[in-house]
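> Sequence isn't available, so here's the structure alone:
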């Protein structure tokens, strides 16, 4: 069983990789996320800057929750900028009926297929 700190570390790594793939800085991500998820009117630059500063501190201290990071990653994966690059990110949806061991094996298979496609 994975520890929470290990899962958080992996989520931060996946988040950073997602930013790299889509070509965004953390600041650009924060402004997009604020505009599209937090406050869709986006006419308050002061509040969007506050959001960025808060997220930057949380990132430096590694205090985001696993749910926050999952939401961030999901936002990037589903953003149109990723589609325009011709990229897709496979998503694994957990199913309570499947055992954790089965899900782990399926992830391994998926990674192997991805490696074969890239080569």
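Okay, I see it. Given the structure is predicted, the values throughout are model-derived calculations rather than measurements.
> what about the most centrally placed residue in the chain, which helix or strand?
For the chain, residue 73 is the residue whose C-alpha lies nearest the centre (C-alpha atoms, centre = their mean; 1.6 Å). Element membership of residue 73, judged by DSSP states H and E, is helix 66-77.
> and that helix, what's its mean pLDDT?
On average, the pLDDT along helix 66-77 is 93.
> Over to stretch 103-112?
Stretch 103-112 comes out at a mean pLDDT of 76.
> you'd agree residue 81 is up against residue 23?
Yes - the pair formed by residue 81 and residue 23 meets the contact definition of C-beta atoms under 8 Å, at 7.5 Å. Placement of C-beta: from N, CA and C, glycine included.
> Look at these two and report which has more neighbours.
Between residue 81 and residue 23, residue 81 has the larger neighbour count (other C-beta atoms under 10 Å), namely 14 against 10.
> For the helix or strand the more buried one falls within, enumerate the helices and strands it packs against.
Under the criterion of DSSP H and E, residue 81 resides in helix 80-84. Applying 3 or more C-beta pairs under 8 Å, 6 or more residues apart in numbering; DSSP states H and E, one finds that helix 80-84 contacts helix 4-22.
> if you average pLDDT over the next helix or strand after the helix it packs on, what comes out?
Per DSSP H and E, the first helix or strand lying C-terminal to helix 4-22 is helix 26-33. Taken as a whole, helix 26-33 has an average pLDDT of 95.
> This completes my enquiry, with thanks.
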